[in-house]
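Q: with the sequence up front, the predicted model follows.
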Amino acid sequence: MSEASNANPALLDVRDVSKAFGAVEVLRSVSLQVKRGEVVTVIGPSGSGKTTLLRCVNFLESYDSGSIRIDGKEVGYREAGTRQRRSERDLASMRAETGMVFQSFNLFPHLTAAGNIMLGLTKVRGKNEAEARSIAEHWLGRVGLAHKADSLPAELSGGQQQRVGIARAVAMEPKILLLDEITSALDPELVGEVLAVVRSLAEDGMTMLMVTHEMAFARDASSRIVFMADGGVSAVGPPKEILAAETTNERLRTFLARFRASHF
Amino acid sequence: MLGQILYALPFLAQGFAVTLWVSLLVVVLSLIAGVLLGVGLVYGPAPLRWAVRIFSDTIRGIPILVLMFFVYYGLPAIGLHLPSFWAAVSALTLFKTAQVIEYLRGAVGSIPKGQSEAAMAIGLTFRQRLTYVIFPQAFRRFLPPWINGVTDAVKGSALVSLLGITDLMQAINQVIGRTYEAMPLYILGALIYFAVNYALSLASRRLERRFSFIRE
């Protein structure tokens, strides 16, 4: 055993990831580890690269250099250092190991709530209809929507749609759940029901990487908070440390001050 | 007069069968080719996208009649001799394919990007994403212009008579040549074309209602 591998190696290991859109550097040598069972929250001003980082983790975005590993396996490229993309089939099966919940829900409008959850179970996990249906019903129950199994997304409120979105992601039993500003598109009174679901998943030990603007939630639910600014990781630490008013990190202090001014 | 028309009916029916056969071939072949090339146009690598774009723009810029004469009279110059029936079907199919490519591009392009991403995120492969997520949603937008295109194909098939193929149009002309009863026969022809196309648009409306539950 080399010294690098220890008792609880990081489930998600992001090392020196950089990415540019043309001349704009959106990620600058970002490194970040998430251990099994941890909830890591990424905060930061808009345009700081939070969402891009999340999208690189399941290769919805490619990256220019660096390495992202989940459970020791290189994401997106055949091996670290090469820029040779994995095959379509390979990418698909890797993506199935990471669940993603989107800001705009992105439920499939032609499928019912249960149908949304069953699609991945039947086509990717190879379950039969009956198995998939019972898993879908189990998760819809977990997010408090057992009675909406046969409703179409258009018949659900935003908060309900997002809870189906979460159920769709976790039903696949992903190794890690990626949450991309999942309450940003919701009316304020619907935010609570969605966060309650996330909290209960965290209590069950689901590993999560979450981009959010909900500071109170980040403070209460995270193991660690990552503060990103200008495409780089500016600070990492336990919530108490990061959200402390007397932090010495100039950028973080400005961000928090602005945030408090606009939210309280 | 009526007697002459009745006498001609079996002959007209044969022509009508040719019209339906040409239309069916053109519609089916162009649907397959157009959907494949349309997917290439939307998702393919750059060289494929350019090739499809050039094909579609060029073909749509040429009158069908010119295309048909080109295939029948022009291609033998490079050693490709097609019988008149297949020359006509090829030319009509080429034209219709270019249209189907555009219908598909429009329909698929109208599906928000988040749908593909959500489908990727649960681990669906490209083909699965198209089959289970993109096409079912795009279908509702593809259908109306496509059915329009099908009725155009039925009407446009009358052009094959110009290569001497005895379709409904040509059959009518030949009966008129014997009977000199132009007016009633053209009215009969118009009614037959209309009946086919009206049935198609009714079917289309029913299908659209069937899929109207998909709201974005």
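A: Received, thanks. Just so we're clear, the structure is a prediction, and the values are computed from it rather than from any experiment.
Q: number of residues surrounding residue 85?
A: Let's take chain A. 13 (other Cβ atoms under 10 Å in any protein chain shown). Backbone N, C-alpha and C define where each C-beta goes, glycine included.
Q: meant chain B, my bad for not saying
A: Around residue B:85 there are 18 residues (other Cβ under 10 Å).
Q: how close does it sit to chain A?
A: 41 Å (Cβ to the nearest Cβ, to the nearest Å).
Q: in a helix, that residue, correct?
A: Yes. Membership of residue B:85 in a helix is supported by DSSP: H, G, I helix; E, B strand; the rest coil.
Q: residue A:42 reaches residue A:49, doesn't it?
A: No. Counting by Cβ atoms under 8 Å, residue A:42 does not reach residue A:49; the two are 9.1 Å apart.
Q: just the CA trace of stretch B:185-193, in CSV.
A: Extracted C-alpha coordinates of stretch B:185-193, given in CSV (Å, rounded to 0.1, in the frame of the first residue of the first chain):
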residue,chain,number,x,y,z
LEU,B,185,-62.5,13.4,-65.8
TYR,B,186,-60.3,16.2,-64.3
ILE,B,187,-63.0,16.7,-61.6
LEU,B,188,-63.0,13.0,-60.9
GLY,B,189,-59.2,13.1,-60.6
ALA,B,190,-59.3,16.1,-58.4
LEU,B,191,-61.8,14.4,-56.1
ILE,B,192,-59.7,11.2,-55.8
TYR,B,193,-56.5,13.2,-54.9
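Q: now that stretch: buried residues?
A: B:185, B:188, B:189, B:192, B:193 (16 or more other Cβ atoms under 10 Å in any protein chain shown).
Q: check stretch A:229-239 too.
A: In stretch A:229-239, counting by 16+ other Cβ under 10 Å, buried: A:229, A:231, A:232, A:233, A:234, A:235, A:236, A:239.
Q: also stretch B:156-170?
A: B:156-161, B:163, B:165-170.
Q: mind listing the shared neighbours of residue A:42 and residue A:49?
A: Common neighbours of residue A:42 and residue A:49 (criterion: Cβ atoms under 8 Å, 6 or more residues apart in numbering or on different chains): residue A:228.
Q: higher neighbour count, these two?
A: Taking neighbours as other Cβ under 10 Å, residue A:42 and residue A:49 compare with residue A:42 leading, 28 against 25.
Q: can you count the residues close to residue A:220?
A: Residue A:220 - counted by other Cβ under 10 Å - has 12 other residues nearby.
Q: residues contacting residue A:245?
A: Counting by Cβ under 8 Å, 6+ apart, residue A:245 makes contact with A:253, A:256.
Q: roughly how far is stretch A:22-29 from the heart of the chain?
A: 21 Å (Cα atoms, centre = their mean, to the nearest Å).
Q: contact partners for the spatially most central residue of chain A?
A: Most central in chain A under Cα atoms, centre = their mean is residue A:178, positioned 1.5 Å from the mean C-alpha point. For residue A:178, the contact set (Cβ under 8 Å, 6+ apart) comprises A:54, A:57, A:58, A:98, A:99, A:100, A:101, A:208, A:209, A:210.
Q: now with 10 Å, please.
A: Taking Cβ atoms under 10 Å, 6 or more residues apart in numbering or on different chains as the contact definition, residue A:178 lies against A:12, A:53-55, A:57-58, A:60, A:98-102, A:169, A:208-211, B:121.
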